[in-house]
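*Asks:* Test case, fold it:
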Amino acid sequence: MRNSSPRLWAFIWLLVLLVPAIATAQPGRPRRGGPLRNSRLYQGYSNYGIMKISLGSGTATYFGDLCETGDCLNARPYASTSFNYRYSGRVQIRGDFSYYRLSNTDVSGKNFRRNLSFRSGNVELAVMGVFEAFSYNKFFNQRPLFSPYMFAGFGITTMAPRAKLNGEWYTLPRYNTEGVNYKTIVPVIPFGAGVQIPLNPVMDLNIEVSYRKTFSDYFDDVSTVYTDNAELRGNNPIAADLADRTKEIVRPTYDSRDGLHWNEGHKRGNPAKKDGYLIIAARLEYTLNPLVKVRRQNLKFKRPRFSTGSSGSRSRSKKRK
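*Replies:* Sure thing, here's the model as predicted:
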């Protein structure tokens, strides 16, 4: 992924730069000058303070010690709910609550002899600023067909990597496989870009790509070096089996005193680079207090007007005169 990541972000920035030109070049789109009579703006309300809620779904892809190349990508489910508040013409404040899954394995990778794997279901809570390319338009019929935006913020996420051993799943942070008691709630910095497509006066479709820079290297329970396996086994045999799984497929050929386990200090991961994850998602937004009211058809039955006898006689008398 180190080789493909610059290409991905170059494509995202190209999208952000080109979409405004495409959107503003749409021919034949009518534009009205003044406020509509059924709008909140016509009644003297501010065009800021608009609130939205949204539901999103997509994929989450892990990057870390168990996936250092582009041939090991493993997209897992992602879902979120959000609340947006318009602060100014081009700025929104957004709060996200998300659930996502991550997983990967050394099988078929360059470190297949290490034979480690993990999976996890995590929860993320984040607050972000959304910066739009176009200033907020007052009316739906004035909004562009595409509205690109970028966002960045701060959040926290849980992480609970698990691994399967002899048919059972074990929560790895409980076993200190590298002799480190690491935190399972860590800060993250989300940032990315997207495009908004209006569907109707109160509904929008958002498609976005984002990345989470994390402050932990233990999303996969792999970071530094092997610890003394004999010492681990003395404290907890399961911890020893989870820490060094090379012997399940091949015997270590060097740096191993007993021919079964790596010696203490042998490289297990790369602490120089923190783990992270990529989110690709689509969001359906609903506006709680739109500036323009939605016109609805009047379904009331209207009684037909029939002329009465007295009114008919009056009309005939007028014609005679």
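*Asks:* Would you mind identifying the next helix or strand past whichever helix or strand residue 230 is part of?
*Replies:* Per DSSP states H and E, residue 230 falls inside helix 229-235. Next along the chain after helix 229-235, taking DSSP H and E as the criterion, comes helix 237-243.
*Asks:* ok, whichever helix or strand comes after that next one: who's next to it in the sheet?
*Replies:* Downstream of helix 237-243, the next assigned helix or strand under DSSP H and E is strand 276-287. Its sheet considered, strand 276-287 pairs with strand 51-63 (antiparallel), strand 203-214 (antiparallel) by DSSP bridges.
*Asks:* Does residue 52 touch residue 286 like I think?
*Replies:* Yes - contact criterion Cβ atoms under 8 Å: residue 52 and residue 286 qualify, at 6.4 Å. The way it works is simple: take the backbone N, C-alpha and C, and place the C-beta from them, glycine included.
*Asks:* higher neighbour count, the two?
*Replies:* residue 52 (22 against 13; other Cβ atoms under 10 Å).
*Asks:* list the contacts for the more buried one?
*Replies:* For residue 52, the contacting residues are 82-84, 204, 285-288, by Cβ atoms under 8 Å, 6 or more residues apart in numbering.
*Asks:* of those, buried ones?
*Replies:* 82, 84, 204, 285, 287 (16 or more other Cβ atoms under 10 Å).
*Asks:* in the host helix or strand of the first one, what's buried?
*Replies:* In this case it means residue 82. Assigned by DSSP H and E, residue 82 belongs to strand 75-86. For strand 75-86, the neighbour count (16+ other Cβ under 10 Å) marks 76, 78, 80, 82, 84, 86 as buried.
*Asks:* Specify the angle between that strand and strand 276-287 in degrees.
*Replies:* 50 degrees (axes from the mean of the first three to the mean of the last three Cα atoms, to 10 degrees).
*Asks:* who does strand 75-86 touch, helix- and strand-wise?
*Replies:* strand 51-63, strand 91-105, strand 276-287 (3 or more Cβ pairs under 8 Å, 6 or more residues apart in numbering; DSSP states H and E).
*Asks:* in stretch 49-56, what's buried?
*Replies:* 50, 52, 54, 56.
*Asks:* The first one touches residue 285, doesn't it?
*Replies:* By that I understand residue 50. No - the criterion here is Cβ under 8 Å, and residue 50 misses it with residue 285 at 10.7 Å.
*Asks:* Domain ranges for this protein, per the record?
*Replies:* 5-24+34-224+272-294, 227-267 (automatic domain parsing).
*Asks:* before we move on, the earlier item: so for the strand holding residue 82, mean pLDDT?
*Replies:* Strand 75-86 comes out with an average pLDDT of 95.
*Asks:* Between strand 91-105 and it, find me the angle.
*Replies:* Using the same axes, to 10 degrees: strand 75-86 against strand 91-105 is 170 degrees.
*Asks:* in its sheet, what does strand 75-86 sit against?
*Replies:* Using DSSP bridges, the strands paired with strand 75-86 are strand 51-63 (antiparallel), strand 91-105 (antiparallel).
*Asks:* Least confident of the domains of the chain, on average?
*Replies:* Across those, domain 5-24+34-224+272-294 gives the lowest mean pLDDT, at a mean of 85.
*Asks:* and that domain, how far out from the chain's middle?
*Replies:* 2 Å (Cα atoms, centre = their mean, to the nearest Å).
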